[in-house]
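In: structure, please.
(4 chains)
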Amino acid sequence: MDKSFAFLKTNNQPNRILSRALGKLLDKGLVSAVMAPGITNGSDLPMPVLFTRDEAMESCIPLAPAAGVSAAVQAARIGRKVKDKRVAVVLKPCEVRGVIELAKLNQTSLESLAIISMECPGRMENDAYLAKLSASPDLPDLYLNDSSLQDQASSTCLSCDAFEPQGADITIHLFGLPVMEHIGISGMTAIGNELIEAMDLEKPGAAYDQREAMARLREKRGRAKEELFQKTGEILKNPDQYLEVLGNCLGCFNCRTACPLCYCRECVCARESFDRDLDDVSNRAKKTGQARMPAGLSMFHMTRMVHMSHACVGCGQCSSYCPSKIPVADLFRTMGQQVQNTLDYSPGRDPEEPIPYLRFKTEAGS
Amino acid sequence: MEYIESGRITLDRSKISQKVAYHDPCNYGRKSKEMFGYAYYHEPRWILNKCTPNWVDLEPSRNSQYCCGGGGGLMLTTLDDQREYYSRRKIEQIKHSGASLIVVPCHSCHGQIKAMAQKYNLPDIQVKYLWEVVADSLVVE
Amino acid sequence: MEQTTQQTDLVKTEQTDFDKEFHPNIVALVCNWCTYTAADLAGVTRLKYPAEIRMIRLMCTGMIDPRFIVESFLRGADGVFIGGCHPGDCHYINGNLKARLRIGGLKALLQGMGIEPQRLALHWIGASEGTEFQKQVKDFVEGIRELGPSGFGVYDSI
Amino acid sequence: MSKPGRFVVAGAGISGVRASLDLAETGHEVVLLDTAPVSGGILLALDRQFPNDHCGMCRMLPMLDRDQSKYFCMRLGMFHKNVTFMPNTEIKEIGGGPGDLKVLLQSWSAKVDPDLCNGCGDCLEVCPVSLPDDLADSLSLRKAIFKPGPNTSPSTLAIDPDSCILCGKCKEVCQTGAITLGPDYEQTLEEKVTAVIMATGVEYFDPGDASMYGYGKYADVITSLAFERMLSSSGPTQGRILRPSDGAPAENIAWIQCVGSRNLRLGADHCSGACCMFALKQAGLSMEKGSRPTIFYMDMRTFGRDWQKYLDRASSSGLRLVRCRPHSLEARNGGGLMLSYSPVPGELIDEHFDLVVLSVGRAPGWKGPDFSDQDGVLVTGGSKRLLDISRSLVSASSVSFRAAMISGSPVQAEQGDSITSQRVKVKSKVLVVGGGPAGLSASLALAGQGISVVIVEKNDFLGGNVSQISDAEARERIRELVRDAEKNQDIEILLKSRPMEFSGTTGNFQTHVLDQQNKGPIIEHGAVILASGGSQSTLPASLVHPKVMTVFDLHRRLDDPEIKEKDLNCLVFIQCFETRTKEKNYCSRLCCPTALRSVEKIRSTHPESRIIFFYRDIMTPGDLEHLYTRARELGAIFIPYQTDIPPKLILEKEQVVVEGFDPYLGEEVKFKADLVGLGSGLGPGSGHELAELFGIRVDREGFLIEADPKWRPVDSGREGIFICGLARNPVSLDEAVDEGRAAAQRAMRLVYNPQARMSVSTARIRPALCSMCGLCWTVCPYFARYPGSKGAMEVDPLACQGCGACVAICPNHASVLEVQGD
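Out: Numbers count the residues shown, from 1 in each chain, chains lettered A, B, ... in the order given. The predicted structure follows:
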């Protein structure tokens, strides 16, 4: 499919202008709804909001540098329910990957979704964002143009080199562009191109050369990622460090709730059969004089890794949700990387690529 | 056979002490089977066994016996090179058996093997007809 | 499957030092059709194999939930040995291939947690391969003995 | 409805086991006997079998109501509630008539009580008798008291009454008192036997008797059966390939094919039917162990399903094939053998081999009394003809069905089960797609058991496409089947129709059948048999010429008076014409016999004409071999060709010229042909379409794929859907009829009881937890999952085999294996 590229003039208000462009899709009836980060009910934290009228788009912050929750789950719900209408969803690249993984798990269908994603500068942790926002209300726009602000993104985002969206219908280009003047928009699929047509964009003489900016960022974040994986790999292997880090786990299961990929209706770990028998705990206590309760949390985390590490898209929500500030995402991503390498699998790469554990059919021999 | 069986002649199994090998001529075996439906494999061996305990078959034997290289009238021709060439397997077979006496009931094979033993430098090998062996073992009272 | 959970509980039998030698706790998960038959054959032909293994018979290696392996290690197993039918021989058509994939992923995971990959082994052992069963189990147990105790059980303290 | 029948099955080899299980699964009682102390027959000695080098014998165990049988490796033995196995037993006399036979059985005393013997083996050490082990085909020795199989259950020893000298030493050392050297035999009389099935198997040629290739003289010449044991890790060499003479590793190994078969000198004018594949398998397995194999063959008979592909695989991985019959073998000093052979005229090659394996041919081999002429006694194909595993099973199922028909209508659900298991209602109706020979025979078989059948046929006539090309005799047989089907009230026939929509679960399918006006009924049925048949391949347009036709057309045309009177100076047959190659890589089985039959016909009208065959391998397995022999006697000339230089057809206006290379003459040959017959093969019909509709697999060439090529030949992968006839693979008319009956047998076991019993251990879904992610759907190897209407996956209870794959993949344990009543 031919890619189309166009500019959107931003007049120092990239979020607002982009919202209006999205509003045109609603206005022209090309999509029945738009789901994008926005603020409602007086709260300042951007949450996925479903817009159905273009005038409501004023509260939309499509490029918000924060995400209260992973929009992947919400987009998946739309894709699952909505059949004969089209809904545009604005997602971060990790969320796109999440939706694609969920589609493989039959939890959604990509057919009715028009996925709009952006080159992602990262999101800030919710509390950091809110604190900053009270000092500078223009934060969502300023953030896009200020690399020192971007360095305050969450640790997951700072070590994420998968910031370019894959599998989206429309990509919004930010890196290496003067975002306060204009941003770039590309249609990646036929649907994407059709929607872009409706946005009334200006056709550029030539596309910006983003390569240098991209490479710089990739190098920086890639290095951070390697360092993180190195450090976290040590933690996982070293019982002392592991226990020190995970010893803070409360067993609240927030990480599981936050995870866009934990699609089970009710987690197997939450069930009574999973509870560690009290006799076990007291046996352990007898040996060393003490045993921590609740017990079995290693089993919980490892079970989650067994189930989902091959599919971890690295969104970092689990860390953000953790009341004990355990770097769950670091642990999960590090393990995920190792498992994914072994299985030669990259989550969210291609909706047609089967989940690695289903690939047995094509294999033969020993 | 009848004579031996009925006791009309008696054979002494101890007279021949050397190692003996038996060759199946095509005329008594393959050809006989094709023409008359019966191959004489068993009978000569039965007789030979009455003459000496120390005998072996040339391997392969019977229906798969190697050609002596002198059949089909080749003996009477001047094609000596061919005779020599086609007998090489036979000679190897004889060498392999380790026998010093080859029993050959057929006159054609007899002449051929005898001549070829000379050509292939096996002068110590004796070649005898079956009747000669019988005669050698005969107990004369 | 709940049944199997109970069976893996056997593993937590405490380590005793009845001998100077290290006697590892080893769980063997074997498929009913091929490897169990091979083990049986090894038994009736009086091939001696290490007594350290605790054999659990499953209908198919394809039914092994990786969770049980993790749990075995957490609860003090020093090694997990899995025996299934040769590819193509599986009574359930391809359960063994499914197991291979799953265990491949799990191995990476366990390695990331500091468990030596040798502690988890998957072997194809056909019904008539009593000697093969003996050899593989022997080699496996020897390997574990060399590695020493797993120490992974510490992770279970939270 | 009637009471269950009672059957005696003689021979517990694979055919006997299949027949017994078939009858047992449909509620009948079976006495299975064997002269051996264990069941299993020859297969106990074969670890892996062609054409996939896999075992999987256990796959022939019942898949429905599995709790009636013990569920473990079949090498340990076969157990089913309705089958009584009597070892060391043979039939002495049969009296009475069908339905009420009196069968006198004689059993040798086992002398070892299986309940007491623990297989400790102390007796093996004291037994003074040593003799060659039959199981290892004399490769090793055994005692008079011995282990009858590598691993049998119970693990009892047995005493061979022929070699035991009754010295009593074993009795002295036996700690469990299991050994009694009591009376020699006892007799039992089985009364009211419905039918007797003879599945007595085949015998292997003994090359020692004919002193062939130095067998018995040279230790390094062994039979293929002995080699099989050498490959087995439970065999005498623990799976290492060694020279028996000195125990050195054997690297160069030669197989000599057709030892004791296809040998007119030995009066063996038959092909053993499986040795080519057997040798290919052994050669392939030996290559895995580092050997270099060479097979000396006459024709590589890869005529079965996927066999050609198996050959291709073997040759591409380094197997050497030499077309020639070796001349002789000699022992060599320092071990090994020297093999002399002459691959082309005038050239003699001596080659050293460490081991020579004689592919010993099989022959029907029952030496006991022959009851086959008696009414009520049926003989399986495996003991009449020489079949591979899958054909033996097809034949056994076919025969067991015929036997069951003697007892009349099927057995109904018995009351008062010991096992509490749930039941599933099933429809006692079977849909048969295709009205050719296979479909018709399946339908007639089922209707004969009172099951109603609907035949859906796309043509406006019954009999199938193949009936159009068969010869007069075959056509008459098909017409007979058609007449019987049309008369039968239990058979509904829908012509010019096709199945359009298919849904439901095993035992309760719904199929919408449409006619040409797109109207038709929705049929509710318990099972479906796909017998959509096939047809002869059409010749490419470039070959349209009045003198060129397929061998089938030619064979038929020979009856035309016009051809009979014509001058035919030269007829040329080109076999394997564009088949057994890349595009159509399978043997069609019928071209060779048909072309060879034509020779006799041609000779009757044109005694002087030249008949030339260009061929790759003449495929005349079993008794068909005499067609080949006869054709040669009648003066047909056979010229082999290689696929890289096929004979050329030059079409001119008036004549056709065939050019080729004759390797025996070593030169090009040219024939002006008056008629050319092309063995262009058969192809499947609407396989792809049906496969898609019914959710089953189809191969590259369009043939439907069976669940297992050996053990479940007429099952599709999905329970309740069965496949047979040309839609599955090229078959002869007899084979199509057999396959039809075998498919009917498989369908029968599902629908005979309107209340099918679920197996005790099946998967279940906990709907509240199911997220419908479909992982279980994908991993289920039995198609036993489907998305239910209530927002959760559902299990097809009759198709589920309880393998647990779904349980392991479900992250949520929404899928669980449940054992009922436990």
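In: ok, then the element right after the lowest-mean-pLDDT helix or strand in chain C?
Out: Lowest mean confidence among the helices and strands of chain C (mean pLDDT, DSSP states H and E): helix C:2-8, at a mean of 43. Using DSSP states H and E, the helix or strand that follows helix C:2-8 towards the C-terminus is strand C:26-31.
In: for that next one, name the packing helices and strands.
Out: When contacts are defined as 3 or more C-beta pairs under 8 Å, 6 or more residues apart in numbering or on different chains; DSSP states H and E, strand C:26-31 packs onto strand C:53-58, helix C:66-74, strand C:79-84, helix C:130-147. Backbone N, C-alpha and C define where each C-beta goes, glycine included.
In: of those, which is nearest chain A?
Out: Judged by C-beta to the nearest C-beta, the one of the helices and strands packed on strand C:26-31 that comes nearest to chain A is helix C:66-74, at 4.7 Å.
In: list of residues touching that closest one?
Out: With contacts defined as C-beta atoms under 8 Å, 6 or more residues apart in numbering or on different chains, helix C:66-74 is touched by A:298-299, A:302-303, A:306, C:4-5, C:8, C:11, C:27, C:29, C:80, C:102-103, C:105-106, C:109-110, C:115, C:119-120, C:150, C:152-153, C:155-156, D:808.
In: against residue B:106, how distant is whichever residue of chain D sits closest to chain B?
Out: Of all residues in chain D, the one sitting closest to chain B is residue D:328 (4.5 Å; C-beta to the nearest C-beta). Distance of residue D:328 to residue B:106, computed by C-beta to C-beta, to the nearest Å: 19 Å.
In: same question, residue D:649
Out: For residue D:649, the distance to residue B:106 equals 52 Å [C-beta to C-beta].
In: check residue D:42 too.
Out: Using C-beta to C-beta, residue D:42 is found at 44 Å from residue B:106.
In: with residue D:353 instead?
Out: Remark: distance between residue D:353 and residue B:106 (C-beta to C-beta) = 32 Å.
In: how about residue D:381, phi and psi?
Out: Main-chain torsions, residue D:381, degrees, to the nearest 10: phi -60, psi -40.
In: how many other residues sit next to it?
Out: Neighbour count of residue D:381, defined by other C-beta atoms under 10 Å in any protein chain shown: 22.
In: that one contacts residue D:402, correct?
Out: No: Residue D:381 is not in contact with residue D:402 according to C-beta atoms under 8 Å; the separation is 11.5 Å.
In: quick one, what contacts residue D:356?
Out: Applying C-beta under 8 Å, 6+ apart, the residues contacting residue D:356 are D:213, D:218, D:220, D:221, D:222, D:253, D:254, D:255, D:256, D:329, D:337, D:339.
In: who wins for neighbours among the residues you listed?
Out: With neighbours taken as other C-beta under 10 Å, the top of the contacts of residue D:356 is residue D:255, carrying 29 neighbours.
In: in contact with it, which residues?
Out: By C-beta under 8 Å, 6+ apart, residue D:255 lies in contact with D:224, D:279, D:282-283, D:293-297, D:356-359.
In: let's see 7 Å
Out: Going by C-beta atoms under 7 Å, 6 or more residues apart in numbering or on different chains, residue D:255 touches D:279, D:282, D:283, D:293, D:295, D:296, D:357, D:359.
In: can you check the pLDDT for it?
Out: pLDDT recorded at residue D:255 is 97.
In: all strands for chain B, in order.
Out: Assignment of strands within chain B using DSSP state E yields the ranges B:20-22, B:55-57, B:101-103, B:126-128.
In: let me know which of those strands is tucked in deepest.
Out: Most buried of the strands of chain B by mean neighbour count (mean count of other C-beta atoms under 10 Å in any protein chain shown) is strand B:101-103; its value is a mean of 25.
In: and that strand, how far from the chain's centre?
Out: 6 Å (C-alpha atoms, centre = their mean, to the nearest Å).
In: return the set of buried residues in stretch A:211-230.
Out: When burial is assessed from 16 or more other C-beta atoms under 10 Å in any protein chain shown, stretch A:211-230 yields the following buried residues: A:214, A:217, A:218, A:221, A:224, A:225, A:228, A:229.
In: can I get the residues you listed in a markdown table with distance to chain B, secondary structure and pLDDT?
Out: Output for the buried residues of stretch A:211-230, formatted as a markdown table (distance: C-beta to the nearest C-beta, whole Å; DSSP: H, G, I helix; E, B strand; the rest coil; pLDDT from 0 to 100):
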| residue | distance to chain B | secondary structure | pLDDT |
| --- | --- | --- | --- |
| A:214 | 80 | helix | 93 |
| A:217 | 82 | helix | 94 |
| A:218 | 77 | helix | 95 |
| A:221 | 80 | helix | 96 |
| A:224 | 80 | helix | 96 |
| A:225 | 75 | helix | 96 |
| A:228 | 77 | helix | 96 |
| A:229 | 72 | helix | 96 |
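In: name the helices or strands packed onto the helix or strand containing residue D:171?
Out: Per DSSP H and E: residue D:171 is located in helix D:169-173. If contacts are counted by 3 or more C-beta pairs under 7 Å, 6 or more residues apart in numbering or on different chains; DSSP states H and E, helix D:169-173 sits against helix D:122-126.
In: show the average pLDDT along the helix it packs on.
Out: Mean pLDDT, helix D:122-126: 88.
In: do the same with stretch D:624-640
Out: Across stretch D:624-640, the average pLDDT comes to 95.
In: residues in contact with that stretch: which ones?
Out: For stretch D:624-640, contacts defined as C-beta under 7 Å, 6+ apart pick out D:262, D:264, D:269-271, D:593, D:596-597, D:599-600, D:603, D:611-616, D:618, D:620, D:660, D:662-663, D:669.
In: weed out the non-buried ones from those residues.
Out: Buried, going by 16+ other C-beta under 10 Å: D:262, D:270-271, D:593, D:596-597, D:599, D:603, D:611-616, D:618, D:620, D:660, D:663, out of the contacts of stretch D:624-640.
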